[in-house]
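based on what follows, work out the 3D shape:
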Amino acid sequence: MLVISESITIPSKEIEFHAVRSQGSGGQHVNKVSTAIHLKFDIKASSLPEEVKRRLLTLNDHRISRDGIIIIKAQEYRSQKKNKELAMLRLRKIITGVLRKPKRRIPTKPTKGSRQRRLESKSRRSKKKALRKPISSNTDT
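Modelled structure (predicted):
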């Protein structure tokens, strides 16, 4: 069982683990032992509250498929047990990140002083650039 918060827990039967061989170097050991873990968690079929499911599905995360399945690969450690714990921790992080409601943005207006400073800096910049231009000669006589 994965405890997310006081009110939200995920039963172990909803989380699926697959042991696969790790990538990268590791000598002869890496070719024999499947220490990497693929964790699969189906958001739609889970026992999470509907609001949490909706927020998870709207997340823009490469680990969440179009079908609503979270796939996490953990292969940092040479131990299958440690990689399993790491994958569970990552899943917990994703879900707890969604639990906090985003603050509603309150639109603000720039102050009178900040508008004035902005306009003054624009005019200073334009004067500086105007000085760089070549002086035009009016020799029509």
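
contacts and neighbour counts: CA atoms only from here.
OK.

geometric centre of the protein: which residue is closest?
By C-alpha atoms, centre = their mean, the chain has its centre lying nearest to Asp61, at 6.0 Å.

how much space between it and Met1?
24 Å (C-alpha to C-alpha, to the nearest Å).

if we can go back for a sec, distance of the residue nearest to the centre of the chain from Ile94?
9 Å.

hey, C-alpha coordinates of stretch 84-91 in CSV?
In CSV, the C-alpha atoms belonging to stretch 84-91 read as follows (Å, rounded to 0.1, in the frame of the first residue of the first chain):
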residue,chain,number,x,y,z
LYS,A,84,11.1,-0.5,-6.6
GLU,A,85,11.2,1.9,-3.6
LEU,A,86,12.5,4.7,-5.9
ALA,A,87,9.7,4.1,-8.4
MET,A,88,7.1,4.2,-5.6
LEU,A,89,8.6,7.5,-4.4
ARG,A,90,8.4,9.0,-7.9
LEU,A,91,4.7,8.0,-8.2
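
for that stretch, the distance to its chain's centre please.
Mean C-alpha position of stretch 84-91 versus that of the full chain (C-alpha atoms, centre = their mean, to the nearest Å) differs by 16 Å.

for it, which positions count as buried?
By 16 or more other C-alpha atoms under 10 Å, the buried positions in stretch 84-91 come out as Lys84, Leu86, Ala87, Met88, Arg90, Leu91.

quick one, what contacts Thr35?
Ala19, Val20, Arg21, Ser22, Gln75, Tyr77, Arg78, Ser79, Gln80, Asn83 (C-alpha atoms under 8 Å, 6 or more residues apart in numbering).

the same query, at a cut-off of 7 Å, please.
Contact analysis of Thr35 by C-alpha atoms under 7 Å, 6 or more residues apart in numbering lists Ala19, Val20, Arg21, Ser22, Gln75, Arg78, Ser79, Gln80.

equivalent analysis for Leu131, please.
Leu131 neighbours (C-alpha under 7 Å, 6+ apart): none.

that one and Arg125, how far apart?
10 Å.

kindly report the same for Pro49.
Taken as C-alpha to C-alpha, the span from Pro49 to Arg125 is 55 Å.

so what's the closest residue in space to Val20 that isn't next to it in sequence scoring on pLDDT?
Spatial nearest neighbour of Val20, chain neighbours left out: Ser34 (4.7 Å); criterion: C-alpha to C-alpha, 6 or more residues apart in numbering. On the pLDDT scale, Ser34 is placed at 78.
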